[in-house]
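A.B. asks: Just to be clear, the model below is a prediction. Sequence and coordinates:
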Amino acid sequence: MKKSIFWLGITICILSFLGNYLFFQSEQLTEPIFLDHYYDFENYNDNDIDLTFYYLTNKKDTFRIKNALINGIEVYPVSYDGFSMWSNNTQHYEEEFIHHYLKSVTFSIPYSSISSFENLEDIWSFENMIVSFYDHPDLNAEIGKVNIYTRQSEISIVKTQVAGSSNQHREFKILTALQSLNISNITVPFEEQLKDEVEIKVDLNQEKLKQLEAIKSGGDTPAWFDDRKKDWNELEGVSTEEQLFPIKIKEGDWLQLQMAFNPNHTSYFRFGIRIEGVKENGKPFVERALINDSPHLSQKNINEIIEAKQGADSE
């Protein structure tokens, strides 16, 4: 009897080990997975462009990124996970999950090497890049979408007076008009991909907003300024999804934009809220109020990203 119990215990241990091993193997990535990034901003001078991308690897994978090919241009990392002086064999990561690391790589795109910039009407765009690793095959990485506007269409027609953000996926911009404007729309780029990710409220209460003038001369911040910490539904302003447009504002008028991002979003945002309309001389304009927001990723998020991206690759 004791002998049979002994062998039963051994069998259970072996089966448990095999089960754990098979589960571990099932959680392993076949290749690194790049998350989605939605970058949309202007770069109309001679500055090089630094773009940071985030990707997942297995914890046991130690290979590093060598370079990438973006729109036919070979680019190189600025650093490896932010610490280029450390040993190549040391793992560096942004976040740690059960079986995976979230890592980042920043590529510097030399402005001078993009010979097509001068021939572009407006925009340099890409949705994927070929990433080369040390000791790993090249990867055709889908990265979301990047739009870089290479020409400044007009001198800015609004001025940012106050701006800020919080760790609750909220940002605000308070602007003044430098000339009279007829605003026809305020929108988020990548409308198809981000239609449920960002909400915008517009506040045109001039009596209230102009109280911020006191800050310039060393005065106190108005009491209402902390209202931004309230629940989104309690904030003053009108959603851009309502019948808000057109908006007519005079030179010197103030405009507050408040943005709330889906707290469960899993993409990286660096783009301009588009303010479009017509100037007092009848010419159209597009102004961009730049925002940044990074996701707070949970293990559940990571599992869903892997299932969506690795599952799609295997179909």
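C.D. replies: Good, I have the coordinates. Numbers count the residues shown, from 1 in each chain.

A.B. asks: where's Phe172, which helix or strand?
C.D. replies: Assigned by DSSP states H and E, Phe172 falls within strand 170-177.

A.B. asks: Tell me the strands beside that strand, with direction?
C.D. replies: Sheet neighbours of strand 170-177, with direction, are listed as strand 158-166 (antiparallel), strand 254-261 (antiparallel) (DSSP bridges).

A.B. asks: Tell me the secondary structure of Ala214, please.
C.D. replies: State at Ala214, reduced to three classes by DSSP: H, G, I helix; E, B strand; the rest coil: helix.

A.B. asks: and the nearest residue to it once chain neighbours are set aside, how many residues sit next to it?
C.D. replies: Spatial nearest neighbour of Ala214, chain neighbours left out: Asp220 (6.9 Å); criterion: C-beta to C-beta, 6 or more residues apart in numbering. Any C-beta I mention is one placed from the backbone N, CA and C, and that applies to glycine too. Neighbours of Asp220 under the rule other C-beta atoms under 10 Å: 9.

A.B. asks: List the pairing partners of the lengthiest strand in the chain within its sheet, with orientation.
C.D. replies: If you go by DSSP state E, the chain has its longest strand at strand 136-149. Partners of strand 136-149 in the sheet, by DSSP bridges, are strand 37-42 (parallel), strand 123-133 (antiparallel).

A.B. asks: I'd like the distance from that strand to the chain centre, please.
C.D. replies: Centroid separation for strand 136-149 versus its chain: 14 Å, with C-alpha atoms, centre = their mean, to the nearest Å.

A.B. asks: Go through that strand and flag the buried ones.
C.D. replies: By 16 or more other C-beta atoms under 10 Å, the buried positions in strand 136-149 come out as 136, 139, 141-149.

A.B. asks: returning to what we had before: need the strands paired with strand 170-177 in TSV with mean neighbour count and mean pLDDT, can you?
C.D. replies: Converted to TSV, the strands paired with strand 170-177 look like this (neighbours: other C-beta atoms under 10 Å; pLDDT from 0 to 100):
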stretch	mean neighbour count	mean pLDDT
strand 158-166	14	88
strand 254-261	21	93
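
A.B. asks: Out of those, flag the one nearest Met129.
C.D. replies: In terms of C-beta to C-beta, the element of these nearest to Met129 is strand 254-261, at 25.0 Å.

A.B. asks: CA atoms only for the closest one - export them in CSV, please.
C.D. replies: Provided in CSV are the C-alpha atoms of strand 254-261 (Å, rounded to 0.1, in the frame of the first residue of the first chain):
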residue,chain,number,x,y,z
TRP,A,254,-9.2,82.5,-23.8
LEU,A,255,-9.9,78.8,-24.6
GLN,A,256,-9.5,75.8,-22.3
LEU,A,257,-9.1,72.3,-23.6
GLN,A,258,-9.4,69.4,-21.2
MET,A,259,-8.6,65.9,-22.4
ALA,A,260,-9.5,62.6,-20.7
PHE,A,261,-7.9,59.4,-21.9
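
A.B. asks: Quick one: residues in contact with it.
C.D. replies: By C-beta atoms under 8 Å, 6 or more residues apart in numbering, the surrounding residues in contact with strand 254-261 are 158, 161, 169-177, 186, 197-206, 209-210, 212, 228, 232, 235, 237, 249, 269, 273, 289, 291, 293.

A.B. asks: Give me the buried subset of those.
C.D. replies: Neighbour-count burial (16+ other C-beta under 10 Å) applied to these gives 158, 161, 169-177, 186, 197-198, 200-204, 209, 212, 228, 235, 237, 249, 269, 273, 289, 291, 293.

A.B. asks: is it true that Lys208 touches Phe225?
C.D. replies: No - counting by C-beta atoms under 8 Å, Lys208 sits too far from Phe225 to count as a contact (9.6 Å).

A.B. asks: Okay, helices next: where are they in the stretch 1-150 of the chain?
C.D. replies: 2-26 (DSSP state H, counting those that start in this stretch).
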